[in-house]
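Enquirer: please work out how this folds:
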Amino acid sequence: MKIGELAQEIGVNPKTVRYYEDIGVLPPPERTPNGYRTYDKVAADRLRFVKEAQATGLTLQEITSILELREQGASTCEHVIGLLRHHLAELEAHIAAMQRTREELEAMIERAAHLDPSDCTDANRCQTIGAHDSAAGVSAELHGAPVPHRH
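Expert: As a prediction, this is how the structure comes out:
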């Protein structure tokens, strides 16, 4: 099959297929005498695997490492489990940070309900955001900085 047919079958852009070839995720395809790329079922299966692996959060570099192990005849199970555990830990940390941010935002909204707008006299600040050091924590968390959680 040609590149457009492969891309359509897998649900990617033909440019993506070319890029994957350029970076070594897909091996160079066979070429017809007039220079068209031709792909077989093996290429389609590999591209399908790449797309499925990306859906789990694996990077192209990680996917390439799995494919290289397979090409060497090695088992990839432990390697893949390690990669997935790493991504799960990162996801759990991100969820925890987002939950802390949500709690801080909810607390700010609750405090704001009890503020008197006539007390907001600083032309450069909003008392809802700037009046409490928890707001600094929200800002830092939203920008990726670790913030100690206060109880």
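
Enquirer: in which helix or strand does H79 reside?
Expert: Using DSSP states H and E, H79 sits in helix 77-112.

Enquirer: does P29 touch G35 like I think?
Expert: No - P29 sits out of contact with G35 when judged by C-beta atoms under 8 Å, with a separation of 11.1 Å. Bear in mind the C-beta positions are built from the backbone N, C-alpha and C, glycine included.

Enquirer: ok, now how distant is P28 from M1?
Expert: To M1, P28 is 16 Å away according to C-beta to C-beta, to the nearest Å.

Enquirer: ah, wrong one, I meant T32
Expert: Distance, T32 to M1, using C-beta to C-beta: 12 Å.

Enquirer: L115 too?
Expert: According to C-beta to C-beta, L115 and M1 sit 65 Å apart.

Enquirer: what's the closest non-adjacent residue to the residue nearest the centre of the chain?
Expert: Centroid check for the chain by C-alpha atoms, centre = their mean gives G57 as the closest residue, at 5.8 Å. Excluding its sequence neighbours, the residue lying closest to G57 (C-beta to C-beta, 6 or more residues apart in numbering) is H87, at 4.5 Å.

Enquirer: okay, and for this protein, where does confidence drop off?
Expert: Across the chain, the ranges flagged by pLDDT under 70 are 130-151.

Enquirer: which residues in it form helices?
Expert: Along the chain, counting by DSSP state H, helices occupy 3-10, 14-22, 41-55, 60-71, 77-112, 127-130, 133-142.
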